[in-house]
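*Asks:* A predicted structure for the sequence below; I have some questions about it.
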Amino acid sequence: MTTRRALLAGGAALVLAGRAPAAPPTSLRAALDAAAALPHDPGAALALLAGYDRKGLGTAEQLDLDTARAGLAIDQDILRRFAVDPRAKGPPHTPAHATLLLRRKLGDDVDPRAAATRLEAERRRCAARADALFARLGIAGATTGARFSALWRDPRQAYASPDAALADMNRWLAELRARVPAVVGAVPPWCLNVAANPPTAADRTAAHFGYRTLPTPTQPGGYVPDLQRLADRPASTLPSVVAHELLPGHMVQLPLEAAADPHPLRLDYAPGFAEGWAIYIERRVADAGVYATDPLAELGYLHWCLFRIGRALVDLAIHLHGLPLAEARARLLAWQGEPAYFAPFDADLGRIVQEPMTRAAEMLFALAIENGARGRSGIALARYHHVLLDHGRMRSDELARRARRV
């Protein structure tokens with residue numbers, strides 16, 4: 001079994017110089033455990049953490065404490081104002097309740113109106129780029145979504161077999177693996193020991209697909225894609241899947257976070273960070289010119305962008321402004337044309353209703369990470385990425401504070 005000590009040793013390449021020495025972890029960890037055991041009394045949980053001075057803690061422990069305090073304070077506000085379990089699924093009672101749920105999942109710095117404006121600007125940017133590429137390729141349609149639907153029906157985009165799709169993913173993975181130092185910065189070599197893998201016989205029997213195994217210093221990692229419906233997996237869509245699910249996306253951030261061992265409360269109050277990192281990385285890969293000579297692969301990336309931006313926009317519109325589901329579906333159809341492989345329009349809208357502000361928080365985490373990266377390159381960008389990766393996830397307001405200090 002891989003020990004936490006081994007994981008930490010493997011992740012040492014990302015630890016920044018000058019990290020403050022950690023206080024004895026057991027006392028704070030025990031207090032956080034006790035706070036987590038009081039899900040229906042956030043006030044009492046906050047009281048358990050009141051006596052801890054963050055200045056004497058290491059970076060990971062500071063993040064644990066700060067994140068727990070911020071999230072518990074929002075839970076206390078939700079209970080006081082709406083008398084509902086902050087963790088409960090289902091539509092929020094009011095727009096104010098929805099806003100608190102967004103703050104709970106993202107950070108205290110979020111402004112829903114400004115967030116919607118930024119998301120719409122990003123949607124227009126992606127759509128304009130996609131339309132320009134479609135015009136170059138001679139693919140017509142009344143909307144951006146209609147053009148994507150035409151691309152989906154192009155027989156040249158179809159894989160002959162799951163093995164062919166898997167081989168293509170591993171070809172892209174080899175290219176992206178070589179680009180990790182330039183796109184992200186130095187990472188432990190074991191993070192790169194990953195592959196796109198076929199399902200096992202047991203996976204096929206259980207219909208278990210679309211899952212990842214994280215690498216460790218002693219074991220390789222991998223991603224088993226769901227390739228059961230090849231007609232819904234055009235070749236253009238898979239390069240960005242490799243960037244997102246493998247490198248430099250989840251297989252960099254999640255293993256290093258496991259090594260940092262964040263407290264479960266930190267995971268609970270910054271739940272969309274990991275997805276935000278992977279979405280951000282998709283754009284960094286595209287901006288690095290990986291698809292410069294492959295407009296179809298760039299269109300696949302843009303479709304994923306429009307999918308994630310679109311579901312964030314309708315998440316906000318449904319829960320803050322009462323957008324009817326039929327209208328939300330019509331917007332998604334016009335924006336992206338085809339649903340994401342794992343998220344048919346109606347099923348995804350049902351999840352958005354039951355899990356308010358989850359999709360919005362994920363995309364807004366990606367934009368928060370982009371904000372911190374703006375204007376950085378080379379060593380400065382790698383240093384910023386280290387701040388995000390070395391000690392595990394953080395909330396968006398904490399991310400902004402730390403980005404300003406890099």
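*Replies:* Sure, I can see it.
*Asks:* which residues in the stretch 201-350 of the chain form helices?
*Replies:* 201-206, 238-245, 250-260, 264-269, 273-287, 295-321, 325-336, 345-354 (DSSP state H, counting those that start in this stretch).
*Asks:* Looking at those, spot the one closest to residue 182.
*Replies:* helix 273-287 (9.7 Å; C-beta to C-beta). Using the backbone N, CA and C atoms, a C-beta is placed for each residue, glycine as well.
*Asks:* name the helices or strands packed onto that closest one?
*Replies:* Applying 3 or more C-beta pairs under 8 Å, 6 or more residues apart in numbering; DSSP states H and E, we find helix 273-287 packed against helix 162-183, helix 238-245, helix 250-260, helix 295-321, helix 358-373.
*Asks:* Name the residues of the third one that are buried.
*Replies:* Applying a neighbour-count criterion of 16 or more other C-beta atoms under 10 Å, one finds 250-260 buried in helix 250-260.
*Asks:* looking at the helices and strands packed on helix 273-287, which is closest to residue 41?
*Replies:* Per C-beta to C-beta, nearest to residue 41 of these: helix 358-373, 24.3 Å.
*Asks:* so which of the helices and strands packed on helix 273-287 gets nearest residue 35?
*Replies:* Judging these by C-beta to C-beta, what sits closest to residue 35 is helix 250-260, at 19.3 Å.
*Asks:* That closest one - contacts with which helices or strands?
*Replies:* Short answer (3+ C-beta pairs under 8 Å, 6+ apart): helix 250-260 packs on helix 4-10, strand 211-213, strand 221-224, helix 273-287, helix 378-389.
*Asks:* Give me the distance between residue 326 and residue 31.
*Replies:* Shown here: residue 326 relative to residue 31, a distance of 48 Å by C-beta to C-beta, to the nearest Å.
*Asks:* The two: who's more crowded?
*Replies:* Applying other C-beta atoms under 10 Å to residue 326 and residue 31 shows that residue 31 carries more neighbours, namely 20 against 9.
*Asks:* Secondary structure element for that one, which one?
*Replies:* Residue 31 is part of helix 25-36 when elements are defined by DSSP states H and E.
*Asks:* Okay, buried residues for that helix please.
*Replies:* 25, 28, 31-32, 35-36.
*Asks:* one step back: okay, the helices and strands packed on helix 250-260 in TSV with distance to residue 52 and mean pLDDT next?
*Replies:* TSV is the format used below for those (distance: least, C-beta to C-beta, whole Å; pLDDT from 0 to 100):
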stretch	distance to residue 52	mean pLDDT
helix 4-10	22	37
strand 211-213	34	98
strand 221-224	35	98
helix 273-287	23	98
helix 378-389	22	97
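*Asks:* tell me the most buried of these?
*Replies:* Among the helices and strands packed on helix 250-260, helix 273-287 has the highest mean neighbour count (mean count of other C-beta atoms under 10 Å), at a mean of 23.
*Asks:* and the angle from it to helix 295-321?
*Replies:* Orientation of helix 273-287 against helix 295-321 (axes from the mean of the first three to the mean of the last three C-alpha atoms, to 10 degrees) gives an angle of 140 degrees.
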